[in-house]
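# I'll drop the sequence and a predicted model, then ask my questions.
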Amino acid sequence: MMKVQGLYYEDKHFTCLVAFGKVYGGVSIVHYVHLTNDVVKVCVEEVRDANYEVSVPTLEVQLVRQVIDSFIAWLR
């Protein structure tokens, strides 16, 4: 079983826990996009602060509130 981990929004001034999700190591593709080595696939299970940006925004997803129970790319 996968462990649920904290997902954080980070900028140069602060870090904030924004969600909890399962991290899928060893996966190199999310929604037909190849991931770089600094990104992992996650499934967001619980949102703590819905108004922050996800760490790897796309045209379809920019905010944490848009990704509950979804697979997205997240910076390591």
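Received, thanks.
# got phi/psi on the residue located most distally from the centre of the chain?
Largest separation from the mean C-alpha position in the chain: His13, at 19.7 Å (CA atoms, centre = their mean). Backbone geometry at His13, expressed as degrees, to the nearest 10, gives phi -110, psi -30.
# same question for the one 3 residues further on.
Dihedral pair for Cys16: phi -140, psi 130, per degrees, to the nearest 10.
# for the closest residue to Ala50 other than its chain neighbours, list the residues it contacts.
Once flanking residues are discounted, Ala50 sits nearest to Arg65: 3.4 Å by CB to CB, 6 or more residues apart in numbering. Backbone N, C-alpha and C define where each C-beta goes, glycine included. The neighbours of Arg65, taking CB atoms under 8 Å, 6 or more residues apart in numbering as the test, are Val47, Ala50, Asn51.
# please work out how many residues are found near the last one.
Right, the one you point to is Asn51. By other CB atoms under 10 Å, 10 other residues sit near Asn51.
# is it in a helix, a strand, or coil?
What DSSP: H, G, I helix; E, B strand; the rest coil gives for Asn51 is coil.
# let the chain start at 32 from now.
All right, first residue 32 from here; so that's Asn82.
# so for the residue lying closest to it once chain neighbours are set aside, what's the pLDDT?
Of all residues not flanking Asn82 in the chain, Leu94 sits nearest, at 6.4 Å (CB to CB, 6+ apart). We have a pLDDT of 95 for Leu94.
# any idea how far Tyr83 is from Leu94?
According to CB to CB, to the nearest Å, Leu94 stands 7 Å off from Tyr83.
# same question for Phe102.
18 Å.
# could you do Phe45 as well?
From Phe45 to Tyr83 the distance is 11 Å (CB to CB).
# quick one: residues contacting Leu106.
Leu106 touches Glu41, Asp69, Val70, Ser86, Val87, counting by CB under 8 Å, 6+ apart.
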